[in-house]
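Student: here is my input; please provide its structure:
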Amino acid sequence: MNTYLLKIITIALIYYIAGKLSLAISHENNIVTIVIFLAEGIALAAGILFGRKMWPAVFIGQFFLAFETMPLSTTLGISAINSVELILAVTLFHYLKLDRKLKKLKDLSGLILLIIFILQPFSAILGNTLLLSTSIINESSYIVSLFSWWFGNTMGQILFTPMILLFYANFKRDEAIELILIALFFIAISYLFQVVLPIHNLSLLLSVTLPLILYLSSIKGLHYATFATNVIALISVYFTYLNIGIFIGDTSINNIINLNFYFLSQILLVLIVGTLFSEKRVRSDNLQKTIEEEVEKNREKELFIMQQSRLAQMGQILNMIAHQWRQPLNNLLLIIELIVLKYHKEELNDKEIDEFQEESYLQIKQMSGTIDDFRDFFQPRREQTVFLLNDTVEHLLLIMKPVFSVENIEVIIKEKEDIYTKGYPNELAQSILNILYNAKDALIENTPNDRLITIELTKINNEVSLTIQDNAGGIPNNTIDKIFEPYFSTKKEKNGTGLGLYMSKTIIEQHMNGSISVKNNEKGATFTITLRAEN
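Tutor: Numbering: from 1, shown residues only. Have a look, this model is predicted:
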């Protein structure tokens, strides 16, 4: 047996059993009932889930359901009408572009309006007209029968179709035990407030059950809430059938109408409010996902910018190494020339060779020490440490001394006391290096003589202030607010990357929990780095 045929037989059987149960508790027990007609809800859900090709299941189920009480021709007509209703429902559902998962209020309201104003008027009018033409009903009962068909089928579809669709989209096997417990809980609630302590006011009854179901929807999902609503509906109908509970005080049809309006108001509120909850949850999840994606993008962008900045710094470091090595290399060159000259004059002796070896070793050791200094100084640290800010600044100036010397730049450091802070000393040194290099370039370009950089360390209460001031004429007013932006550079003719100050700001503010600012003074620019002091 193929899958399609198995689905047809299964759905037809479920349709028939559900229809028999609905008719069994009807006050008249005929083919048209105002009682919730479960079969219609199952048929509509099957069509939406598996397509128009499920119409034979509806035809077969309805045929055997009606054949027991109607002539063959009428049975075939009713079965055909319900089958066409299914085809119409699926066609319009797709035409309106509704989502069967009912994630949005648009999908839910579209389905409900489709049921109330198109599907059930269609089948109720055609079905009752057929019953009237075959004398199953008479003209005097036509309107009542029409309303009963429309109301019972509408209730069946509004109650059961959304629940089936939601369960098909969201149900997980491990939820079975929870659902059983929920069913028992709401059966007990219904028995308590409808039989033991009967509440005859429907609004008051709703005020008891509705908050519980909405709370269930908010914590477990809308499919749980629709399940609970249907449990209440079925158990309430059963109580009424047994002639117990709060819906037995009037005529049978009035009891059923009151009962159905109670279900209708409850399921509509649950569906609407529950869908709004779901939409809010989805929007919140999407927002969180968007935030995470943007954070990841920013992180990747920051890493890319940091790599570019480090490449630029490598050029600066190589320049400083070159300045540091220039003197030892010159010394080595002189030593080599001297030893060669003495060799040609045949003046070499053991003493000369030993001196050559010792002096060469000292120069090479100095060059090797320079490499170690830069390697240690620019090695990033993974953990924050408490460090002496004075040492960090002085060590950096020692490394940069040859660069400043060759450009005739004087550096003055003012410090009154030892100042400690917490963070990453090497990253902070790189930030200061960027500022000092910018100051160097500005001085070379704008200040022919008396080039000066002043560094001052101060501590006020719990804050450390490090200021770097030059006399290079200052930063133009139209660019001073942009200098910390990535890729903004005032040195484009010198191939500036525009990343140095951006990285300085990023390191100080994000890694050191500090701040950095800039302003012009009378002679140049002043950068101020503020950090937290550590006693």
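Student: going forward, measure contacts and count neighbours with C-alpha atoms only.
Tutor: Fine.
Student: pLDDT on the helix ranked longest in the chain, on average?
Tutor: Counting by DSSP state H, the longest helix found in the chain is helix 252-344. In this model, helix 252-344 has a mean pLDDT of 76.
Student: now that helix, how far from the chain's geometric center?
Tutor: Here helix 252-344 is found 14 Å from its chain centre; the criterion is CA atoms, centre = their mean, to the nearest Å.
Student: same for it, what does it pack against?
Tutor: If you count contacts as 3 or more CA pairs under 8 Å, 6 or more residues apart in numbering; DSSP states H and E, helix 252-344 packs onto helix 105-114, helix 142-170, helix 202-220, helix 222-241, helix 350-377, helix 389-406, helix 500-506.
Student: just those helices: most buried one?
Tutor: Comparing those on average neighbours per residue, with mean count of other CA atoms under 10 Å, the densest one is helix 500-506 at a mean of 24.
Student: quick one: contacts of that one?
Tutor: With CA atoms under 8 Å, 6 or more residues apart in numbering as the test, helix 500-506 has contacts from 306, 309, 428, 430-432, 434-435, 483-486, 515-516.
Student: any of those buried? List them.
Tutor: With neighbours counted by 16 or more other CA atoms under 10 Å, the contacts of helix 500-506 contain buried members at 306, 309, 428, 430-432, 434-435, 483-484, 486, 515-516.
Student: turn those residues into a markdown table, including distance to residue 148.
Tutor: Compiled in a markdown table, the buried ones among the contacts of helix 500-506 are given as follows (distance: CA to CA, whole Å):
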| residue | distance to residue 148 |
| --- | --- |
| 306 | 73 |
| 309 | 77 |
| 428 | 81 |
| 430 | 82 |
| 431 | 81 |
| 432 | 84 |
| 434 | 83 |
| 435 | 84 |
| 483 | 77 |
| 484 | 75 |
| 486 | 72 |
| 515 | 75 |
| 516 | 77 |
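Student: which pair of these spans the longest distance?
Tutor: 309 and 515 (19.5 Å; CA to CA).
Student: residue contacts, the residue lying closest to residue 200 once chain neighbours are set aside?
Tutor: Distances taken as CA to CA, 6 or more residues apart in numbering put residue 246 closest to residue 200, at 5.7 Å, once the chain neighbours are dropped. Going by CA under 8 Å, 6+ apart, residue 246 touches 194, 195, 198, 199, 200, 240.
Student: pick the one among the residues you listed closest to residue 449.
Tutor: Nearest to residue 449 among these, counting by CA to CA, is residue 199 at 97.4 Å.
Student: neighbours of that closest one, how many?
Tutor: Residues lying near residue 199 (other CA atoms under 10 Å) number 18.
Student: host element of it?
Tutor: For residue 199, there is no helix or strand it lies in under DSSP states H and E.
Student: I'd like to check the angle between the host helix or strand of residue 182 and helix 202-220, please.
Tutor: Using DSSP H and E, the element containing residue 182 is helix 176-191. Interaxial angle, helix 176-191 versus helix 202-220 (axes from the mean of the first three to the mean of the last three CA atoms, to 10 degrees): 170 degrees.
Student: quick one: residue 413 is in a strand?
Tutor: Yes: assignment of residue 413 by DSSP: H, G, I helix; E, B strand; the rest coil places it within a strand.
Student: report the secondary structure state of residue 246.
Tutor: Look at residue 246: counting by three-state DSSP, its state is coil.
Student: ok, it to residue 197 distance?
Tutor: The gap separating residue 246 from residue 197 is 9 Å, by CA to CA, to the nearest Å.
Student: equivalent analysis for residue 427, please.
Tutor: 73 Å.
Student: which of those two has more neighbours?
Tutor: Ranked by neighbour count (other CA under 10 Å), residue 427 and residue 197 place residue 427 first, with 21 against 12.
Student: what mean pLDDT does the longest strand seen in the chain have?
Tutor: Assignment by DSSP state E gives strand 451-460 as the longest strand of the chain. For strand 451-460, mean pLDDT is 92.
Student: may I see the buried residues of that strand?
Tutor: Going by neighbour count (16+ other CA under 10 Å), the buried part of strand 451-460 is 451, 452, 453, 455, 456, 457, 458, 459.
Student: the second one against residue 411, yeah?
Tutor: Yep, that's residue 452 we're talking about. Yes: in this structure residue 452 lies within contact range of residue 411 using CA atoms under 8 Å: 5.9 Å.
Student: between the two, which contacts overlap?
Tutor: Counting by CA under 8 Å, 6+ apart, residue 452 and residue 411 have no shared contacts at all.
Student: returning to that earlier point: which of the buried ones among the contacts of helix 500-506 has the weakest pLDDT?
Tutor: Scoring these by pLDDT puts residue 309 last, at 57.
Student: before we move on, back to that, JSON lines for the buried residues of strand 451-460, including distance to residue 359?
Tutor: As requested, the buried residues of strand 451-460 are arranged in JSON lines below (distance: CA to CA, whole Å):
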{"residue": "451", "distance to residue 359": "35"}
{"residue": "452", "distance to residue 359": "35"}
{"residue": "453", "distance to residue 359": "35"}
{"residue": "455", "distance to residue 359": "36"}
{"residue": "456", "distance to residue 359": "39"}
{"residue": "457", "distance to residue 359": "39"}
{"residue": "458", "distance to residue 359": "43"}
{"residue": "459", "distance to residue 359": "45"}
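Student: nearest to residue 534 among those residues?
Tutor: Among those, residue 459 lies closest to residue 534 (CA to CA), at 10.2 Å.
Student: from residue 531, how far off is the closest one?
Tutor: From residue 459 across to residue 531, the span is 10 Å (CA to CA).
Student: common neighbours of the two, please.
Tutor: Joint contacts of residue 459 and residue 531 (CA under 8 Å, 6+ apart) are residue 465.
Student: need the buried ones among the contacts of helix 500-506 in CSV with distance to residue 189 and secondary structure, can you?
Tutor: Below are these laid out as CSV (distance: CA to CA, whole Å; DSSP: H, G, I helix; E, B strand; the rest coil):
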residue, distance to residue 189, secondary structure
306, 63, helix
309, 68, helix
428, 66, helix
430, 69, helix
431, 68, helix
432, 71, helix
434, 72, helix
435, 73, helix
483, 68, coil
484, 65, coil
486, 64, coil
515, 61, strand
516, 64, strand
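Student: off-centre distance for stretch 42-61?
Tutor: Distance of stretch 42-61 from its chain centroid, counting by CA atoms, centre = their mean, is 37 Å.
Student: what's the pLDDT at residue 442?
Tutor: You'll see residue 442 listed with a pLDDT of 89.
Student: what's the answer for residue 356, then?
Tutor: For residue 356, pLDDT reads 75.
Student: please report how far it lies from residue 116.
Tutor: Residue 356 is 105 Å from residue 116, by CA to CA.
Student: swap in residue 45?
Tutor: Going from residue 45 to residue 116 by CA to CA gives 15 Å.
Student: so for the two, which sits in the more crowded spot?
Tutor: Set residue 45 next to residue 116 and count neighbours by other CA under 10 Å: residue 45 wins out with 24 against 18.
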